[in-house]
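>>> Any chance you can model this:
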Amino acid sequence: MRVTTKGQVTIPQHIREKLGITPATEVDFVEENERVYIVTRRGPGKRGDRFSGLRGVATVRMTTDEILALTRR
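This next block holds a predicted model:
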C-alpha cells in the first residue's frame, strides 16, 4: 500500500466492512510497540457506539402514564 504525498492511504474494502467504517466515520490511530493500529472512535455521542442499535422510534402504543406506572411498580 502506498502513502500519497498528502499522507493518505486507501483502507481496503474488506477492512472497512469488517470495522463498519463508512464515509464520515471517525477513526483513531493507536501506537503500541512500534506498530500503529487504526480503530473506530467509540466515544460518547459517536455513531457506532454501543447504543446506536437502540436508537429509533418507539413502537409501544402506551401512554406516558402507563409507562410510568410500569416503571414505578
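>>> which stretches of the protein form strands?
27-32, 35-40 (DSSP state E).
>>> Adding mean neighbour count, write those out as CSV.
Using the backbone N, CA and C atoms, a C-beta is placed for each residue, glycine as well. Shown next, in CSV, are the strands of the chain (neighbours: other Cβ atoms under 10 Å):
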stretch, mean neighbour count
strand 27-32, 9
strand 35-40, 10
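>>> want to try TSV for these, with mean pLDDT and distance to Gln13 as columns?
Output for those, formatted as TSV (pLDDT from 0 to 100; distance: least, Cβ to Cβ, whole Å):
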stretch	mean pLDDT	distance to Gln13
strand 27-32	90	15
strand 35-40	89	14
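>>> any chance of these in a markdown table, plus distance to Thr59?
Formatted as a markdown table, those follow (distance: least, Cβ to Cβ, whole Å):
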| stretch | distance to Thr59 |
| --- | --- |
| strand 27-32 | 33 |
| strand 35-40 | 29 |
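>>> Met62: which of those strands is closest?
When these are compared by Cβ to Cβ, strand 35-40 sits nearest Met62, at 35.6 Å.
>>> Please enumerate the helices of this structure.
13-19, 64-71 (DSSP state H).
>>> Show me which residues of the shortest one are buried.
What it means is helix 13-19. Buried residues in helix 13-19, counting neighbours by 16 or more other Cβ atoms under 10 Å, are absent.
>>> can you check the last one too?
Of all the residues in helix 64-71, not one is buried under the rule 16+ other Cβ under 10 Å.
>>> circling back: can I get the helices of the chain in CSV including distance to Lys6 and mean pLDDT?
Output for those, formatted as CSV (distance: least, Cβ to Cβ, whole Å; pLDDT from 0 to 100):
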stretch, distance to Lys6, mean pLDDT
helix 13-19, 19, 89
helix 64-71, 52, 89
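>>> Can I get these in CSV including distance to Glu31?
Shown next, in CSV, are those (distance: least, Cβ to Cβ, whole Å):
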stretch, distance to Glu31
helix 13-19, 18
helix 64-71, 46
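>>> right, and these - which one's nearest Glu26?
Nearest to Glu26, of those and by Cβ to Cβ, is helix 13-19 at 11.9 Å.
>>> so how far is the closest one off the chain centroid?
13 Å (Cα atoms, centre = their mean, to the nearest Å).
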